[in-house]
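Chemist: Sharing a model prediction with you, sequence too.
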Amino acid sequence: MEHLPKKIYQNGISYTLVGDYYIPDLKLPEESRPIGRWGRMHKAFLQEHRPGQYNVLLLSGKLWTYLADLTEQRFMKLTAALEQEQESNQKRLHDLAVMQSRADAQESEVRTFIKEIRRYSAIEVLDEAVLNRLISKILIGEVKKVDGQKVQKVRIVYNFVEEIPEIAT
């Protein structure tokens, strides 16, 4: 029997002698990255709907790298979307906190005004001290003639609650 070499190299592929047969030394590239959910789903899609592309990737040893890259890309997209949503939520939370603070301050001012009104509800003489305690300022508009009558608009700005809108009667 003829003595065969243990290893040979032909057409860019090395072969190892096992018994009477030469077996190609095929090695898959070392890929340690996980493929995750999106990689597994895409692998199933390729197997079912794109078997040609799946076989090319599998036989060239690039399937795992392709799926790991796909998983990383999807992770980066999801991470970016999550960070953007977190920033938006933080801004919204800050805006709501400011609105709550303003509402609390306004409620406090209204309560103080109500206490002052109750305090002076039975006054008999409207003097300067009472006016200064309840009213911040009085704004008097220009004199206008309407139907032969002189008319002036007067706006009263109260302490604690600012201007109270007119109530239609």
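Modeler: Right, received. Where do you want to start? Residues are numbered from 1 along each chain as shown.
Chemist: residue nearest the centroid of the chain?
Modeler: For the chain, E85 is the residue whose C-alpha lies nearest the centre (C-alpha atoms, centre = their mean; 1.6 Å).
Chemist: For that residue, which residues are in contact?
Modeler: By C-beta atoms under 8 Å, 6 or more residues apart in numbering, the contact list for E85 is empty. All C-beta spots, glycine's among them, are computed from the backbone N, C-alpha and C.
Chemist: where does it land in three-state SS?
Modeler: Secondary structure, DSSP: H, G, I helix; E, B strand; the rest coil: E85 is helix.
Chemist: per-residue confidence for Q10?
Modeler: Predicted confidence (pLDDT) for Q10: 88.
Chemist: so how far is Q106 from the residue nearest to the centre of the chain?
Modeler: 31 Å (C-beta to C-beta, to the nearest Å).
Chemist: ok, now Q90?
Modeler: With C-beta to C-beta as the criterion, Q90 and Q106 are 25 Å apart.
Chemist: out of the two, which sits in the more crowded spot?
Modeler: Using other C-beta atoms under 10 Å as the criterion, Q90 and Q106 rank with Q106 on top: 13 against 10.
Chemist: so E142, which of the three states?
Modeler: Under three-state DSSP, E142 comes out as coil.
Chemist: same check, this time on I23
Modeler: Under three-state DSSP, I23 comes out as strand.
Chemist: With S14 instead?
Modeler: With three-state DSSP as the criterion, S14 reads strand.
Chemist: Would you mind confirming that it makes contact with D25?
Modeler: Yes: at 4.6 Å, S14 and D25 qualify as touching, with contact defined as C-beta atoms under 8 Å.
Chemist: Any chance you could list what contacts stretch 36-43?
Modeler: The contact list for stretch 36-43 (C-beta under 8 Å, 6+ apart) reads I35, Y54, L63, L67, A68, L70, T71, R74, F75.
Chemist: Now intersect these with the strands, please.
Modeler: Using DSSP state E, no member of these falls in strands.
Chemist: Can you flag the buried ones in these?
Modeler: I35, Y54, L63, L67, A68, L70, T71, R74 (16 or more other C-beta atoms under 10 Å).
Chemist: Assign the spatially closest residue to the fifth one that is not a sequence neighbour to helix, strand or coil.
Modeler: Distances taken as C-beta to C-beta, 6 or more residues apart in numbering place R33 nearest to A68, at 3.9 Å, with adjacent residues excluded. Following three-state DSSP, the label given to R33 is coil.
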